[in-house]
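Engineer: sequence and predicted model, in that order:
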Amino acid sequence: MFLRKTTKKVKNKTYENYVLLETIYTPQGPRQKTVCSLGPLSPGPREEWLNLARKIETSLTGQMTFEAEDETVNEIVERIHGKRARPSQEPHTTTKRPENEVVSVVVEKVTTEEHREAGPSHVGVHFWRKLGIDSVLEELGFSEKARTLTLLMVMNRLIAPSSEYSMPEWINRSALPDILEADFSALSDDALYRNLDKLHMNRNEIEERLWERSRSLFNLDSTIFLYDCTSTYFEGQCLANPKAQRGYSRDSRPDCKQVVIGLAVNRDGFPIAHEVFEGNRNDVKTVKDMLDVLEHRCGKKNGAMIVMDRGMVSPDTLALIRERGYHYLVATRKGERDVWLDEFEDNEGWLMVEREPSPLNPLQKKSVVKVKAVEGSDDTYVLCISEDREEKDRAIREKQEKRFLAALEKLRLSAIRGSIKKEQKIYERLGRLKERYSRVARYYEISYDAERRELAWKERKDKKEIAATLDGSYLLKTDRHDLCEKDAWLIYSLLSRAESAFRAMKSPLSERPIFHHLEHRVEAHIFLCILAYHLLVAIEKTLLDRGLHISWATVRDILSTHQVCTVVLETPDGHILKIRSGSTPEAQHKEIYGLLGVPSKVMKPVRKWFKNGRTEKSDEKNMSIQ
């Protein structure tokens, strides 16, 4: 601190004023700040001013001194204390505080509050903007509120999936209000349900435009379409939804009604188009509808290849694919495979192919497959024998055989005891057993003597030996004759990307079970999962291109420790400063943010001053969403 004398002349009269100053450091350099004006109070001779300023500074900091009390020092200190105490006695003020204000705080009273998980939301919002989903919605006439609600719903599905009823609570427990600078305290589930209905009406246009943006942004290939189906089940009867039917359940829930979802993705796993079918729709009957959707989304792609599994293959569907101008690469049914038994047994012409582990599962072993190409009359056939699949097929076959023989023994004992008296009932039970265990029932010749009530069976060793040699084998076929056996198998193996998409939608996006009962709400719920999957696959693709092979679930867990919180600072004069800001990211957070191209700063810090429970000043600017 130091003293300065100033003079001012008014009407030929000179007025003197003494000012106590201190030097502070700012980004613009050192500046002088007035501590107190002494008015005409003379601080004594000029040569004593520096010593006086030091005494004043010592007294203000509370340090003890062994010198005699100085009345001038005491008077100046009292003036300074009176000036500093004045704001607490004055009414509520909104005076703007300097950006780099230096504040004294009571260390023992420093606390933090309102901790919120921020990392996953921060990344999700960044990729929402990167994919331009907000622009797509704006082009389709969505208001700012509707776009924000859609963002919130997709973030919930991506980070902590819950029902629309529970979403408002989760949103306000997350860092999304801080990241988006918005107030969602008044948000209700009714607004989310209404927005879900609006999404349903525009889902086809959104999906089409989003695929185009993703294709351009990531330079995606659109010459191969990987198509697969899955099912997802409901809780409840779903009487108001005609598509809710019982059928073959991939979720092992035949007791529940379900819908079938068809999804086409490209070789990188990005979704191109999806469709929701009746729960009892056979996979093979979904192909025509999906081709219609693909042509609407991507236009006529003559020469593109459709890759499908055996469940969708029939002469009619293959003819339809050729008629539409596409090529196909499909797995055949077992009956068609058995025609090539001689080729499978021939040891000549096989090529060993290795496939690297999935980028998202580096612990997976390398797949080693033997392949052989054989030219047919119209198609090229690729015979495949997988070592890993051989063990799996053998285990399945032996397990089914064990269960089949146990069921036969149980039926035999029932016939002996007379529990089943009618011969017709015996044959009906046999028919159901053969249907249930069709894979192994053909290995046995079964007979029943009605008079003696004796059920007997005999193993067909020749058929069983053939089945053993075919463990791990399957057959591919394509109408393209320019594909070698290695390329054909590698392209078919890409079908696992569609399966991975379904796995991601069911976990971690928790697409099932569905609690909606209306048809349009069910379709909108599935579409919401598709939107979240767009973000998921874009995040994983970005990390994969930069050499980091981890899944979104792992990224989400790592970033969950990067949070937003409020630091509460209390000053000696009773004022309270609350600073809301993101925590300092850890090394692993910075690594992921850097690879994703996401800034490590989650939000702009917000400061609020309080006195007696009232807000003095805040630099917070939030919009409100209800």
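Structural biologist: Thanks, I have the structure now.
Engineer: which elements pack onto the lengthiest strand in the chain?
Structural biologist: Criterion DSSP state E: the longest strand present in the chain is strand 13-26. Applying 3 or more CB pairs under 8 Å, 6 or more residues apart in numbering; DSSP states H and E, one finds that strand 13-26 contacts strand 2-10, strand 29-39. No exception for glycine: its C-beta is placed from N, CA and C like everyone else's.
Engineer: a markdown table for the ones you listed, including distance to W350?
Structural biologist: Output for the helices and strands packed on strand 13-26, formatted as a markdown table (distance: least, CB to CB, whole Å):
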| stretch | distance to W350 |
| --- | --- |
| strand 2-10 | 93 |
| strand 29-39 | 79 |
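Engineer: to R397, which of those strands lies closest?
Structural biologist: R397 lies closest to strand 29-39 among those, at 83.0 Å (CB to CB).
Engineer: and the angle from the closest one to strand 13-26?
Structural biologist: Following axes from the mean of the first three to the mean of the last three CA atoms, to 10 degrees, one obtains 140 degrees for the angle between strand 29-39 and strand 13-26.
Engineer: now strand 29-39: buried residues?
Structural biologist: Neighbour counts over strand 29-39 (16 or more other CB atoms under 10 Å) mark 35-36, 38 as buried.
Engineer: the following helix or strand past that strand - contacts with which helices or strands?
Structural biologist: Downstream of strand 29-39, the first helix or strand assigned by DSSP states H and E is helix 49-60. Where contact means 3+ CB pairs under 8 Å, 6+ apart, helix 49-60 is packed against strand 2-10, helix 71-89.
Engineer: report the buried residues of the shortest one.
Structural biologist: Of the residues in strand 2-10, 2-3 count as buried by neighbour count, 16+ other CB under 10 Å.
Engineer: give the pairing partners of that strand; include direction for each.
Structural biologist: Strand 2-10 sits in its sheet next to strand 13-26 (antiparallel), going by DSSP bridges.
Engineer: the inter-axis angle of the partner strand versus helix 49-60?
Structural biologist: Calculated by the same axes, to 10 degrees, strand 13-26 forms an angle of 60 degrees with helix 49-60.
Engineer: and strand 13-26, C-alpha only, in CSV?
Structural biologist: In CSV, the C-alpha atoms belonging to strand 13-26 read as follows (Å, rounded to 0.1, in the frame of the first residue of the first chain):
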residue,chain,number,x,y,z
LYS,A,13,-9.9,27.7,-3.7
THR,A,14,-7.6,24.6,-3.5
TYR,A,15,-8.9,21.4,-1.9
GLU,A,16,-6.5,18.7,-0.7
ASN,A,17,-7.4,15.0,-0.6
TYR,A,18,-5.3,12.1,0.7
VAL,A,19,-5.9,8.6,-0.8
LEU,A,20,-4.6,5.2,0.3
LEU,A,21,-3.9,3.0,-2.7
GLU,A,22,-2.7,-0.6,-3.4
THR,A,23,-1.3,-2.3,-6.5
ILE,A,24,-3.1,-5.2,-8.0
TYR,A,25,-2.1,-7.4,-11.0
THR,A,26,-4.6,-8.0,-13.9
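Engineer: list the buried residues in it.
Structural biologist: By neighbour count on 16+ other CB under 10 Å, the buried set for strand 13-26 is 18-20.
Engineer: I'd guessed Y248 sits against T230; true?
Structural biologist: No - counting by CB atoms under 8 Å, Y248 does not reach T230; the two are 10.6 Å apart.
Engineer: for S185, which three-state class applies?
Structural biologist: The three-state assignment at S185 reads coil, by DSSP: H, G, I helix; E, B strand; the rest coil.
Engineer: surely it meets I171?
Structural biologist: No - under the criterion of CB under 8 Å, S185 makes no contact with I171, lying 9.6 Å away.
Engineer: those two: which is more packed in?
Structural biologist: Between S185 and I171, I171 has the larger neighbour count (other CB atoms under 10 Å), namely 25 against 13.
Engineer: which residues of the stretch 301-450 of the chain fall in helices?
Structural biologist: Assigned by DSSP state H, counting those that start in this stretch, the stretch 301-450 of the chain shows helices spanning 315-323, 334-337, 341-345, 387-417, 423-436, 438-441.
Engineer: L559 is nearest to which of these?
Structural biologist: Closest approach to L559 among those (CB to CB): helix 387-417, 33.7 Å.
Engineer: and the closest one, what does it pack against?
Structural biologist: Contacts defined by 3+ CB pairs under 8 Å, 6+ apart place helix 387-417 against strand 367-375, helix 423-436, helix 438-441, strand 444-449, strand 454-459.
Engineer: same list, these, but as CSV with distance to V382 and mean neighbour count please.
Structural biologist: CSV is the format used below for the helices and strands packed on helix 387-417 (distance: least, CB to CB, whole Å; neighbours: other CB atoms under 10 Å):
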stretch, distance to V382, mean neighbour count
strand 367-375, 5, 18
helix 423-436, 31, 14
helix 438-441, 23, 17
strand 444-449, 32, 14
strand 454-459, 33, 14
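Engineer: now tabulate those in TSV and tack on distance to V284.
Structural biologist: Below are those laid out as TSV (distance: least, CB to CB, whole Å):
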stretch	distance to V284
strand 367-375	25
helix 423-436	19
helix 438-441	18
strand 444-449	30
strand 454-459	34
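Engineer: any idea which of the ones you listed scores lowest on pLDDT?
Structural biologist: Among these, helix 438-441 has the lowest mean pLDDT, at a mean of 84.
Engineer: show residues contacting that one.
Structural biologist: By CB atoms under 8 Å, 6 or more residues apart in numbering, the residues outside helix 438-441 that reach it are 396-397, 400-401, 404, 433-434.
Engineer: rerun at 6 Å
Structural biologist: Under the contact criterion CB atoms under 6 Å, 6 or more residues apart in numbering, helix 438-441 has outside partners 400-401, 404, 434.
Engineer: re the thing from before, worst average pLDDT in the helices and strands packed on helix 49-60?
Structural biologist: Within these, confidence is poorest for helix 71-89, with a mean of 61 (mean pLDDT).
Engineer: partners of the helix or strand following that one, with directions?
Structural biologist: Per DSSP H and E, helix 71-89 leads on to strand 111-117 as the next helix or strand towards the C-terminus. Sheet pairing for strand 111-117, assigned by DSSP bridges, gives strand 563-570 (antiparallel).
Engineer: name the strands paired with the helix or strand that the partner strand is followed by and say parallel or antiparallel.
Structural biologist: Moving toward the C-terminus from strand 563-570, the next helix or strand (DSSP H and E) is strand 576-582. Within its sheet, strand 576-582 is paired with strand 563-570 (antiparallel), strand 606-611 (antiparallel), according to DSSP bridges.
Engineer: CA atoms only for the last one, dumped as CSV, please.
Structural biologist: Pointing back at strand 606-611 there. Backbone C-alpha positions of strand 606-611 (Å, rounded to 0.1, in the frame of the first residue of the first chain) are rendered in CSV as follows:
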residue,chain,number,x,y,z
VAL,A,606,-21.1,-19.6,-13.8
ARG,A,607,-20.6,-17.4,-10.7
LYS,A,608,-23.3,-16.3,-8.2
TRP,A,609,-22.9,-14.0,-5.3
PHE,A,610,-25.2,-14.4,-2.2
LYS,A,611,-25.9,-12.3,0.9
